[in-house]
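>>> From the sequence below, what's the structure:
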Amino acid sequence: MLNADDLGYDPGITRGILQALREGVVSSATLLVNTPWSEEAASQARGLAIGLHLNLDRGPPVGPDFPREWRSAEGGFVGARVAELPADAVEAEAFAQLRRLEQLLGQPATHVDVHKHLHRHPQVLEGLARVARRAGLPVRSIDADMREALRARGVATNDHFVGESGEAAYWTPERFTQALATLPTEGVTEWMCHPGHLPEVVTSRYAAQREVELATFLHPRSREALEQAGLVPTDFRHLTPA
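Sure thing, here's the model as predicted:
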């Protein structure tokens, strides 16, 4: 599975993700539902494999009852305090964001992952797992401990995970080829990615790098490499067959 994070984060990023989904080898994306560009992004992504990019780091909560003591002076999330959030507050907000995604998209989410992997904090993982289990949705795991914790709570998850975002672009043609050559032969692997055009409004430390990733996934050689390996990228619905 090649999943693009940050749909709805910025108009330029959204355009690139949609291009990667429609013209490249990216097979799914996850949507932020609490930004000024969420609604437009969702309208353009209908019919595609879209999950929720749960956001507890920035912007306003979606749920009306998110505790005021956990908000900034402007009423938004405080990313630096996420580890302290009660699981009940996470559960309520995750449920609200999931419902908003369904309203914007007109279709159910394929899965859930978390902006900045904030479910590495136990209370966030607990609150999210409650919602995911109730909704029957898989959740991204980024390591063996998280995988075990999710499965112990009855939540489906990927078996392997590859991806990062740092000072340099992660998904270059060279890394794509290398990752393909070392792909596990068993289980479901998620390749997290961040394709996009340059952000038009927001400031992001991962900006020009997104264009490198986009070019990688659009290049004919990437599709050819997958075909030669006999692989067709899927999405998280593979983990929850009807």
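>>> make it CA atoms for all contacts and neighbour counts henceforth
Fine.
>>> neighbours of the nearest residue to Leu218 once chain neighbours are set aside, just the number please.
In this structure, Leu218 finds its nearest non-sequential neighbour in Gly24, 4.3 Å apart by C-alpha to C-alpha, 6 or more residues apart in numbering. Applying other C-alpha atoms under 10 Å, we find 19 other residues in the vicinity of Gly24.
>>> Distance check, Gly24 against Ala83.
36 Å (C-alpha to C-alpha, to the nearest Å).
>>> from the chain's centre, how far out does stretch 78-96 sit?
Distance, stretch centre to chain centre, for stretch 78-96: 17 Å (C-alpha atoms, centre = their mean, to the nearest Å).
>>> Can you list the buried residues in it?
Burial within stretch 78-96, assessed by neighbour count using 16 or more other C-alpha atoms under 10 Å, is assigned to 78-79, 82, 85-96.
>>> Check whether the residue nearest to Leu218 really touches Glu224, as I assumed.
No: between Gly24 and Glu224 there is no contact under C-alpha atoms under 8 Å: 11.2 Å.
>>> picking that back up, what's near enough to touch the residue nearest to Leu218?
When contacts are counted by C-alpha atoms under 8 Å, 6 or more residues apart in numbering, Gly24 touches 217-219, 223.
>>> between the residues you listed, which is nearest Val33?
Phe217 (24.7 Å; C-alpha to C-alpha).
>>> mind showing which ranges of this structure have poor pLDDT?
Across the chain, the ranges flagged by pLDDT under 70 are 242.
>>> Show me where it has its strands.
For the chain, the strands defined by DSSP state E occupy 2-7, 28-31, 50-54, 112-114, 160-162, 189-193.
>>> Give me the phi and psi for the residue nearest to Leu218.
Note on Gly24: its backbone torsions stand at phi -110, psi -160 [degrees, to the nearest 10].
>>> Touching, Ser165 and Tyr206? I think so.
Yes: with contact defined as C-alpha under 8 Å, Ser165 reaches Tyr206; the gap is 6.9 Å.
>>> Give me the contacts around the top helix by length along the chain.
If you go by DSSP state H, the chain has its longest helix at helix 87-105. Residues outside helix 87-105 that contact it (C-alpha under 8 Å, 6+ apart) are 31, 33-34, 39, 42-43, 45-46, 52, 54, 61-63, 66-67, 108-109, 123-128, 130-131.
>>> ok, now with 7 Å
Here helix 87-105 makes contact (C-alpha atoms under 7 Å, 6 or more residues apart in numbering) with 33, 39, 42-43, 46, 52, 54, 62-63, 66, 108-109, 123-124, 126-128, 130-131.
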